[in-house]
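**Student:** Quick one, structure for this:
(one chain, ligands or ions: 1)
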Amino acid sequence: SKGLAIFTSGGDAAGMNPAVKCAAEYAARRGYKPWLVYDGLRGLIDDKFVEADRELISGILHRGGTFLRSSRSKRFFELEFREQAFLNLKKRGIEKLVVVGGDGSFRALNQFYADFGVPFAGIPATIDNDIAGTDYCLGVDTALNMIRQSVDSIRDTANSFSRAFVIEVMGRHCGYLAMVSALACGAEVCLTPELPYNLDSIGGRLKAEIKGGRNYVLAIVAEGTKMGDYLTRWITDSIGMEARLTVLGHVQRGGSPTVRDRLMAYKFAVAAIDALEAGETNSVMTYQDGEYGSLPIQTVCDSKYELDPLLLKLCTNLSN
Ligand code: F6P
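**Tutor:** All right, here's what the predicted structure looks like:
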């Protein structure tokens, strides 16, 4: 039967494992012979293929990260190595690919499609939630819950010691994680790359609240603003409240996928196999305004992600 290979690529995200499991099972039901590739694009080049048997895809659903491991391969940008990858597919009769990852990986696969005509379907997965054309990427909900748990814990000590905490969250250039966690955790301040902020008005607001009895402050900053250190010093110096900085870092990438991430993984995986079946050659699965669909990779690459206007509006109050 026709071969189909599944792998994960780029930054790991919770939900990758259920996506791989479901894609393998559903592909088999649709008459494909499913293969798995370890180490992402690197494994495609270095021939790390295994057949997706029952043992491999059992007991992985609830695990964080990606059991197939991942990589950000530089070699895949060179035609010579892409050719090597193609020969690995060819010798096994693998004709289609499912890649779970970010837009960098999708772009690489699109080049591969242009070179050798191997169709692929992309499943968006990145905690940054910065892929254009989809409101949701796998891993986001799990990351938000990790952040929520960490901020709740920081609040305990902030309140006990009457301090301010600046908490830096991931997201690369995107402020989605920062905005949603600031709202969900009731932070007083949120700085993100998407919204202009005004320290003077933030200062006036905080001082008034402190006068009214506020004894601690939580400020969430997106890593993309590079404002963590500065804001921490500024709170101490201008507001007069002792402040500490916590950079949450890679804890945000781990953890067992939440119910939402598991379910979204299943839906995206089924959509990916169906898209390949329907003859789509280079599309990315999307979830937009409550609808599942897919978009050509070119459309995704040519557009910029857009954040929910309501979310931006709500967060305006936290950056002023
Ligand atoms: O893209 C996911 C992400 O976790 C970003 O939020 C972050 O900026 C980056 O990856 C960290 O990269 P690395 O894992 O290579 O340190």
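
**Student:** Could you list the low-pLDDT ranges of the protein?
**Tutor:** Within the chain, no range satisfies pLDDT under 70.

**Student:** Up against the ligand, what does it have?
**Tutor:** 11, 126-128, 170-172, 223, 253 (C-beta under 6 Å from any ligand atom). C-beta: built from backbone N, CA, C; applies to glycine.

**Student:** From those residues, which land in strands?
**Tutor:** Cross-referencing these against strands under DSSP state E gives no overlap.

**Student:** Of those residues, which is the most crowded?
**Tutor:** Most neighbours among the residues of the chain next to the ligand, by other C-beta atoms under 10 Å: residue 127, with 30 neighbours.

**Student:** so how far is the ligand from the closest residue to residue 270 other than its chain neighbours?
**Tutor:** Of all residues not flanking residue 270 in the chain, residue 26 sits nearest, at 5.4 Å (C-beta to C-beta, 6 or more residues apart in numbering). In this view, residue 26 and the ligand are 27 Å apart by C-beta to the nearest ligand atom, to the nearest Å.

**Student:** Could you do residue 292 as well?
**Tutor:** For residue 292, the distance to the ligand - C-beta to the nearest ligand atom - is 23 Å.

**Student:** swap in residue 221?
**Tutor:** From residue 221 to the ligand the distance is 13 Å (C-beta to the nearest ligand atom).

**Student:** helices or strands next to the host helix or strand of that residue in the packing?
**Tutor:** Per DSSP states H and E: residue 221 is located in strand 217-222. Applying 3 or more C-beta pairs under 8 Å, 6 or more residues apart in numbering; DSSP states H and E, one finds that strand 217-222 contacts helix 140-161, strand 164-169, helix 176-184, strand 189-191, helix 228-234.

**Student:** ok, and the closest non-adjacent residue to the closest residue to the ligand within the stretch 151-300 of the chain?
**Tutor:** Nearest residue of the stretch 151-300 of the chain to the ligand: residue 170, at 3.3 Å (C-beta to the nearest ligand atom). Leaving aside its chain neighbours, residue 170 sits nearest to residue 252 (5.1 Å; criterion: C-beta to C-beta, 6+ apart).

**Student:** what's near enough to touch that neighbour?
**Tutor:** 127, 143, 146-147, 169-170, 177 (C-beta atoms under 8 Å, 6 or more residues apart in numbering).

**Student:** Repeat the analysis, applying 7 Å as the threshold.
**Tutor:** 127, 143, 146-147, 169-170 (C-beta atoms under 7 Å, 6 or more residues apart in numbering).

**Student:** Grab the CA positions of the strand or helix carrying residue 80 and hand them over as PDB.
**Tutor:** Here residue 80 sits within helix 79-90, counting by DSSP H and E. C-alpha atoms of helix 79-90 as PDB (Å, rounded to 0.1, in the frame of the first residue of the first chain):
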ATOM      1  CA  LEU A  79      19.300  20.800  -2.200                       C
ATOM      2  CA  GLU A  80      21.900  18.000  -1.800                       C
ATOM      3  CA  PHE A  81      20.400  17.000   1.600                       C
ATOM      4  CA  ARG A  82      16.800  17.400   0.400                       C
ATOM      5  CA  GLU A  83      17.700  14.900  -2.400                       C
ATOM      6  CA  GLN A  84      19.000  12.500   0.200                       C
ATOM      7  CA  ALA A  85      15.700  12.800   2.100                       C
ATOM      8  CA  PHE A  86      13.800  12.200  -1.100                       C
ATOM      9  CA  LEU A  87      15.800   9.000  -1.800                       C
ATOM     10  CA  ASN A  88      14.900   7.800   1.700                       C
ATOM     11  CA  LEU A  89      11.200   8.200   0.900                       C
ATOM     12  CA  LYS A  90      11.500   6.700  -2.500                       C
END
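
**Student:** Mind listing residues that contact it?
**Tutor:** By C-beta under 7 Å, 6+ apart, helix 79-90 touches 5, 44-45, 47, 49, 75-76, 112, 115-116, 118.

**Student:** Tell me which residues of it come out buried.
**Tutor:** By neighbour count on 16 or more other C-beta atoms under 10 Å, the buried set for helix 79-90 is 81-82, 84-86, 88-89.

**Student:** just the helices in the stretch 201-320 of the chain please.
**Tutor:** 228-234, 259-277, 297-302, 309-316 (DSSP state H, counting those that start in this stretch).

**Student:** Tell me which of those helices sits most buried.
**Tutor:** Most buried of those, by mean neighbour count (mean count of other C-beta atoms under 10 Å): helix 259-277, with a mean of 22.

**Student:** who does that one touch, helix- and strand-wise?
**Tutor:** On a contact count with 3 or more C-beta pairs under 7 Å, 6 or more residues apart in numbering; DSSP states H and E, helix 259-277 meets helix 16-29, strand 120-124, helix 140-161, strand 282-288, strand 291-296.

**Student:** tilt between it and strand 120-124?
**Tutor:** 160 degrees (axes from the mean of the first three to the mean of the last three C-alpha atoms, to 10 degrees).

**Student:** Work out the gap between helix 259-277 and the centre of the chain.
**Tutor:** Here helix 259-277 is found 15 Å from its chain centre; the criterion is C-alpha atoms, centre = their mean, to the nearest Å.
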